[in-house]
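Peer 1: have a look; sequence and predicted model below, questions after that.
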Amino acid sequence: MLMLCARLVLRNAAIRSIIYSKTTPRPQQSIHGPKAKQEPCIENKPHSSPSLLLQRRFKEVADLREGKRLHAHIIKTGAAFEENKLVNMYASFDSLDDVRRAFEKMPERNEVVWNSTIAAYARLGHGEEALQLFSQIGGGELKPTPFVFATVVSVCTGIAGIEEGKQIHTQIIKTGSESDIFVGSALLHMYGTFGYACLENARQVFDKMPQRNVVSWTAMMVAYVRHGHAQDAWQLYRQMQAEAIEMNSKSFAIVLSACSCLEAIEQGKQVHAHIIKIGLESSASVGNGLVSVYAKFGSADYACKAFNQIQKHDVISWNAMISGYAHCGMNEEALEWYQKMKWDGGLKSDSITLTSALSSCCSLEAPEQGKQLHAEILKTGFEFSVSVGNALITMYAKAGIMEDSGKLFHKMTEKDLISWNAMIGGYVQTNHVEGAIEIFLHMQQIGVRMDYITYASILGTCKKPEAIKQGEQVHAHIVITGIERDSFVRNALVTMYAYCGSIDSASKLFVKTPEEDTVSWNAMMAAYVHNGLGEESLKLFLQMQQNGMTVDNFTFATALAACSSLAALGIGKQVHTNIIKVRLDLDIFVETALVDLYAKCGSIEDACLVFDNMSERKDFSWNTMIAGYAQHGYGEEALQLFLQMQQAGMKPKDSTFVSLLSACSHAGLVDEGRHCFDSMNRNYGITPRLEHYACMVDVLGRAGCLDEAEDFINKMPLQPSGVVWRSLLGACRVYGNLDKGKRAAECLLELEPHDDATYVLLSNLYAMAGGWDNVAKVRTMMKKLQVKKDPGCSWIEIKNKVYAFFADDKTHP
């Protein structure tokens, strides 16, 4: 009973309080009494209308609960207010349901209310409903305002509705709102977002705008850069300068992006000067753009200066430095900046940071650093990022650790085309043909759409004559998909047919190539060289020059390889002269090809001269020089150069040891050969391949250690190949060991029953031992199996032309 009385007293007191506040001025509280917290209310003061006070109250609302109390007070008191303020308030607290209810309960809706509601729907991610509301405006007397048009055009951009956007554009033209600068800017942004096909629409809108502000100019430049028209963006920048349009940080950022796309560092410096003149160099977005431009082109000093001028570094600033260094091959510096970001910057890495750092680990072939980075990624949770996952797969694949790549690939909850391509590329690189084909077939089964990289990678599995059928099947699939016209794929097909020995098929594809496609001509030249047709390769090279085509470093490197295969030193020197004229003599690929040319043509002194004067040396450069020494029997020099290679910080590869073992073989350095072979796995973690075992058998065989050589073969962890047995058979012929030679020949004929060299070696071995009956049996066997000995061939160069002479050749009387 007491509780009920208390409630009645409190209710009556509340009613009196409301009536009193409306009719009687509130008495002042005693200064001696305690100040009780009072709920704010609307007062009718002489110079304050209720709407102004409510407007002030809307701005002061701190949370959704307080906003709802204010809304209830308005309903209860019937106070006048601007309805759009209510919509905006609920939208500011992301309460779409309250926005919807407030809008639906409004007895009258003016254009401001419609504008606010549509904008609220758009801001809260309900673009479809915003467009539905917009479609209802035209049904009454109200007409869409420029603000509404700008809003719904932006909605079309966000929900990828280009057709709806074009329809709204038609309405804009009819109502004459196209001249509004905000509507025009929104249209520019929309058309600039929707692909290359809409770029012309964007330009038409831009040209028709009676007035343009910096937002309009920037939107047009963004569209150009986004769709690969960086030069047009640069022209717009020049036009802005001519018309004295004041630029902001966003404008400069996009212009710098255009300079980066154009690879125009001088233009970037001009923009930098403009930025300094205006005083925007401390802006983060502008500074990040400058860092990106300078770092991309290897201008480390300028990049650092631009970085230091940024007032407050963000993740993008650090990413610009890291990715820039990685892009221009300064991978050690990129990893140093990654460490600085962690310790000095105090910022957390994002997916771009991690992919750039992983890319540097990959380029440096530093799997241990990559594994450390992987551990950090697991702690931060970025292992679920598709881009980071792809970078990890690529890093492990490049290091030859396909088991880890496979585990990561299968754990990925989401995969894109790059993920699949990385796996195929990794398997191809590590000669795991079955793995690459399995991934390719799985892509077909689940309907993953393939691109030119997929096809070019899988064609890399077809590098032997026996793989020609598989290559033809892939070719048929390429024709069906219509991607054969892609120059990258066509060149991969040319290379595939060349490796499979079908030079005619490669030539037919090459005929379809446009004349100006230098890459395709390079591929065909290389195909001829690979198939022992150096003369044909040089003819193509000469034709390119006669046609005035652009020749690049790869063209010259291939031409030099053709000269090497023909031992055409004179022509090679002419090519060298042309290289100097076009200033490509400092290109590392060209310089390495020159070393190979002079070494193979017997001029080891010139090879050393080119090598000693190289501006830069990679592992393949050292390998080529070591191989040159090996060919000339300079084993000691080859081993000394190997030590210098390690002192220069170069890590040897498996190909390095092939050259080293070959040098030991030709120079008779048996102990050194044993040491090199044993150190491969022990010191460098390189698992010997069949080529290494064959070289080691040759080292032992040439030195007459035939028992050790045979025992070495029998203990091999791999199945001996024909090359391995052929090395032993050749040594047995030299030393006249008939028993071992017969065993080697039997094993070899099981593997390669149609190899003419085996029969010739065995026949010679029998002849040395005086076994002429056995010689006759070998020749009878050759006739029965239709095995013919390839005729011997010699070259002679007269007046810069190479002539070939074969056994029983009568074409040169």
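Peer 2: Looks like it arrived, so ask away.
Peer 1: who's in contact with stretch 382-389?
Peer 2: 349, 351-352, 354-355, 358, 377, 392, 408-409, 411-416, 418-419 (C-beta atoms under 8 Å, 6 or more residues apart in numbering). C-beta coordinates here come from the backbone N, C-alpha and C atoms, glycine included.
Peer 1: from those, which land in helices?
Peer 2: 351-352, 354-355, 358, 377, 392, 408-409, 411, 418-419 (DSSP state H).
Peer 1: what's the closest of these to residue 668?
Peer 2: Closest approach between these and residue 668, by C-beta to C-beta: residue 358, at 45.7 Å.
Peer 1: for the closest one, list the residues it contacts.
Peer 2: By C-beta under 8 Å, 6+ apart, residue 358 lies in contact with 370, 373, 388, 391-392, 394-395.
Peer 1: hmm, try it at 6 Å
Peer 2: Counting by C-beta atoms under 6 Å, 6 or more residues apart in numbering, residue 358 makes contact with 391, 395.
Peer 1: please renumber so the chain begins at 563
Peer 2: Sure, I'll start counting at 563 from here, so that last one is residue 920.
Peer 1: ok, it to residue 997 distance?
Peer 2: The gap separating residue 920 from residue 997 is 22 Å, by C-beta to C-beta, to the nearest Å.
Peer 1: one more: residue 1095?
Peer 2: For residue 1095 relative to residue 997 (C-beta to C-beta), the value is 33 Å.
Peer 1: and for residue 820?
Peer 2: For residue 820, the distance to residue 997 - C-beta to C-beta - is 42 Å.
Peer 1: these two: which has the busier surroundings?
Peer 2: Using other C-beta atoms under 10 Å as the criterion, residue 820 and residue 997 rank with residue 820 on top: 27 against 19.
Peer 1: show the model's pLDDT score for that one.
Peer 2: The model reports residue 820 with a pLDDT of 91.
Peer 1: show me where the stretch 763-912 of the chain has its helices.
Peer 2: 776-788, 792-804, 811-824, 827-840, 846-858, 862-871, 877-889, 893-902 (DSSP state H, counting those that start in this stretch).
Peer 1: of all those, which one comes closest to residue 747?
Peer 2: helix 776-788 (4.8 Å).
Peer 1: now for the closest one, which elements pack on it?
Peer 2: Helices and strands touching helix 776-788, as assessed by 3 or more C-beta pairs under 6 Å, 6 or more residues apart in numbering; DSSP states H and E, comprise helix 743-755, helix 792-804, helix 811-824.
Peer 1: swap in 7 Å and give it another go.
Peer 2: Helices and strands touching helix 776-788, by 3 or more C-beta pairs under 7 Å, 6 or more residues apart in numbering; DSSP states H and E, are helix 743-755, helix 761-770, helix 792-804, helix 811-824.
Peer 1: could you dump those helices to CSV with distance to residue 928?
Peer 2: Converted to CSV, the helices and strands packed on helix 776-788 look like this (distance: least, C-beta to C-beta, whole Å):
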stretch, distance to residue 928
helix 743-755, 40
helix 761-770, 42
helix 792-804, 34
helix 811-824, 27
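Peer 1: among those, which is nearest residue 1139?
Peer 2: Using C-beta to C-beta, the helices and strands packed on helix 776-788 put helix 811-824 closest to residue 1139, at 32.9 Å.
Peer 1: so which elements touch the closest one?
Peer 2: Using 3+ C-beta pairs under 7 Å, 6+ apart, helix 811-824 sits against helix 776-788, helix 792-804, helix 827-840, helix 846-858.
Peer 1: buried deepest among those helices, which one?
Peer 2: helix 846-858 (a mean of 26; mean count of other C-beta atoms under 10 Å).
Peer 1: pLDDT of it, averaged?
Peer 2: 87.
Peer 1: ok, stretch 965-973 next?
Peer 2: Stretch 965-973 comes out at a mean pLDDT of 92.
Peer 1: could you do stretch 1122-1141 as well?
Peer 2: Mean predicted confidence for stretch 1122-1141 is 92.
Peer 1: contact partners of it?
Peer 2: With contact meaning C-beta atoms under 7 Å, 6 or more residues apart in numbering, stretch 1122-1141 is reached by 1087, 1091, 1094, 1096-1097, 1099-1100, 1118, 1121, 1147, 1152, 1155-1156, 1158-1159, 1162-1163, 1165, 1357, 1359, 1362, 1364.
Peer 1: now residue 1198, nearest residue through space, not along the chain?
Peer 2: With C-beta to C-beta, 6 or more residues apart in numbering as the criterion, residue 1198 has its nearest non-adjacent residue at 6.9 Å, and that residue is residue 1229.
Peer 1: just the buried subset of the contacts of stretch 944-951, please.
Peer 2: 911, 913-914, 916-917, 920, 939, 954, 970-971, 974, 977, 980-981 (16 or more other C-beta atoms under 10 Å).
Peer 1: report how many residues lie close to residue 1146.
Peer 2: Applying other C-beta under 10 Å, I find that residue 1146 has 18 neighbouring residues.
Peer 1: tell me the contacts of it?
Peer 2: Here residue 1146 is in contact with 1115, 1118, 1152 (criterion: C-beta under 7 Å, 6+ apart).
Peer 1: pLDDT wise, what is residue 1013 at?
Peer 2: For residue 1013, the pLDDT comes out at 91.
Peer 1: now it: how far from residue 1041?
Peer 2: Residue 1013 is 16 Å from residue 1041, by C-beta to C-beta.
Peer 1: name the helices or strands packed onto the stretch of helix or strand residue 1003 belongs to?
Peer 2: For residue 1003, the host element (DSSP states H and E) is helix 995-1008. Using 3+ C-beta pairs under 7 Å, 6+ apart, the elements in contact with helix 995-1008 are helix 979-991.
Peer 1: can you get me a residue count around the residue nearest to residue 1061 when sequence neighbours are not counted?
Peer 2: Nearest residue to residue 1061 in three dimensions, chain neighbours excluded: residue 1025, at 4.2 Å (C-beta to C-beta, 6+ apart). By the criterion of other C-beta under 10 Å, residue 1025 has 17 neighbours.
Peer 1: swap in residue 660?
Peer 2: With other C-beta under 10 Å as criterion, residue 660 counts 20.
Peer 1: got the CA coordinates for whichever helix or strand residue 1018 is part of in PDB?
Peer 2: Using DSSP H and E, residue 1018 maps to helix 1014-1021. The C-alpha trace of helix 1014-1021 is given here as PDB (Å, rounded to 0.1, in the frame of the first residue of the first chain):
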ATOM      1  CA  TYR A1014      47.900 -16.200 -70.000                       C
ATOM      2  CA  ILE A1015      50.200 -16.900 -67.100                       C
ATOM      3  CA  THR A1016      48.500 -20.200 -66.400                       C
ATOM      4  CA  TYR A1017      48.900 -21.400 -69.900                       C
ATOM      5  CA  ALA A1018      52.500 -20.200 -70.300                       C
ATOM      6  CA  SER A1019      53.400 -21.900 -67.000                       C
ATOM      7  CA  ILE A1020      51.900 -25.300 -67.900                       C
ATOM      8  CA  LEU A1021      53.600 -25.200 -71.300                       C
END
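Peer 1: sweet, I'm off.
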